[in-house]
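Engineer: mind folding the following:
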Amino acid sequence: ERLLKRFEELEPRVEEWRELQKVHEEKKERVIVVEEEVVDVEKQLVVKQEKERAMVEDWERRRAERRERRREKKEEKQRMRQIMMGEINDAPIDVSKYLSQEERDWVRKQERACQQEGRKAQGYRDRASELESELEAMEENAASIAERLRTARDAVGQTEYETSLLEREMVTVEQDTTDAGAKLQTLKVQREDLEDEYKAATMPPPSDKEAIKLEREIEAVAYKNQELRDEEDRLWSRVELYEQRWDRTENAWLAKKEEELAAEFYAKLEAEEAAAASRIKKPKVKQEDPLLMAYYERVALPEYSDQGRHQVLHTDVRARDRQKRDRQKAAYDAEEQKMLSRLASVGPFETSSGASPPRARVPVAF
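Structural biologist: Numbers count the residues shown, from 1 in each chain. Okay, the predicted model is just below:
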């Protein structure tokens, strides 16, 4: 009950930790989005600052030119005033009377262009002031965004720290829960054992009829157990018998393999002796029987030269059979001579039981 109570206390904290984990994930996603927005705004701000810097430089250049013109105009007015006051002896010259009509029109046109340029300059000044105000607003916005970013990063760091603490606490809680579950299972088993013992201890004694029935069941089980033990002994004896049979069969098979290898060795030895004997050149003897001759020798005989091809081929088949039988008979005779020579060199053959050796032999061409 204590462990269950502890588990119930820890379960809401686990749920709370899971909710905090979800909020932490959402904050992480929001921070990523805010960082991307800050990067985009910074890029836009850089581009806009470049444009505004170029416009300000142009406006400063125009203002300097305008100031220079005003200074020159002011100096010209001052000079004219001094001439009119008699401070300067140079009299003013009216240039317009020396100009033609077209030149005067061109001068008025230039004056109107100067006035138009002055109005444009005033518009540029107004636009520059507006851009300066917008730049100040964007700088304030960038500062607020940077402040929000710092706040978000601080919140993320705090959330990560809290998450690490919760994770460590969650590991401890899970370990406690596992230990509590194992201990609870052990206690359940012990409780069942104790309940069974208590039930057995508090049960009334069995009646005579039930006791007789139990004794009969015990005897039947003991008889059945004895039958199973006897069957086990019988099966083990059969296993020993099969093992003995296996050993005998394996030994017989190995003996047979050894005999086959020995026979193969002797056959190889005899083949080598026969090959050595066949390599000895023998003088050619003229064959009297046409069936013992080669095909080209036989067809050269007068009695076979006028026969048809099918008759010649049939005769060649008969000749090949005849030559094969003669070779088998010669090999058989040679083998018999070898065996007789070996027996003569070894001496009389006797078995361990004193019986005579077997006389039946398999022919060489069997």
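
Engineer: could you check how far the worst-scoring helix or strand of the chain on mean pLDDT is from the centre of its chain?
Structural biologist: Using mean pLDDT, DSSP states H and E, helix 302-305 stands out as the lowest-scoring helix or strand of the chain, at a mean of 79. From the chain centre to the centre of helix 302-305 is a distance of 83 Å (C-alpha atoms, centre = their mean, to the nearest Å).

Engineer: now do the buried residues in it.
Structural biologist: By neighbour count on 16 or more other C-beta atoms under 10 Å, the buried set for helix 302-305 is Tyr304. Every C-beta, even on glycine, is put in place using the N, C-alpha and C of the backbone.

Engineer: helix or strand right after that helix?
Structural biologist: helix 309-346 (DSSP states H and E).

Engineer: hang on, the earlier thing: so what touches the least confident helix or strand of the chain?
Structural biologist: Applying C-beta atoms under 8 Å, 6 or more residues apart in numbering, the external contacts of helix 302-305 come out as 290, 298-299, 312, 315.

Engineer: what would these look like in CSV with neighbour count, pLDDT and distance to Asp230?
Structural biologist: Output for these, formatted as CSV (neighbours: other C-beta atoms under 10 Å; pLDDT from 0 to 100; distance: C-beta to C-beta, whole Å):
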residue, neighbour count, pLDDT, distance to Asp230
Pro290, 14, 81, 84
Arg298, 19, 81, 84
Val299, 16, 79, 87
Val312, 14, 79, 84
Thr315, 17, 83, 81
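
Engineer: mean confidence score for the longest helix seen in the chain?
Structural biologist: Of all segments of type helix in the chain, defined using DSSP state H, the longest is helix 101-202. The pLDDT scores in helix 101-202 average 82.

Engineer: what angle do the very next helix or strand once past that helix and helix 309-346 make?
Structural biologist: Using DSSP H and E, the next helix or strand after helix 101-202 towards the C-terminus is helix 208-278. Computed by axes from the mean of the first three to the mean of the last three C-alpha atoms, to 10 degrees, the angle separating helix 208-278 from helix 309-346 equals 100 degrees.

Engineer: what helices and strands are in contact with helix 208-278?
Structural biologist: Using 3 or more C-beta pairs under 8 Å, 6 or more residues apart in numbering; DSSP states H and E as the contact test, the elements touching helix 208-278 are helix 309-346.

Engineer: list the buried residues of the helix it packs on.
Structural biologist: For helix 309-346, by 16+ other C-beta under 10 Å, it's 315-316, 319, 335.

Engineer: that one: how far from the chain's middle?
Structural biologist: In terms of C-alpha atoms, centre = their mean, the centre of helix 309-346 is set 71 Å apart from its chain centre.

Engineer: start at 28 instead
Structural biologist: Yes, from this point I'll number from 28; that puts the last item at helix 336-373.

Engineer: show me what contacts Gln334?
Structural biologist: So Gln334 contacts Thr342 (C-beta under 8 Å, 6+ apart).

Engineer: phi and psi next, for it.
Structural biologist: Backbone torsions of Gln334, given as degrees, to the nearest 10, read phi -90, psi 160.

Engineer: okay then, goodbye and thanks.
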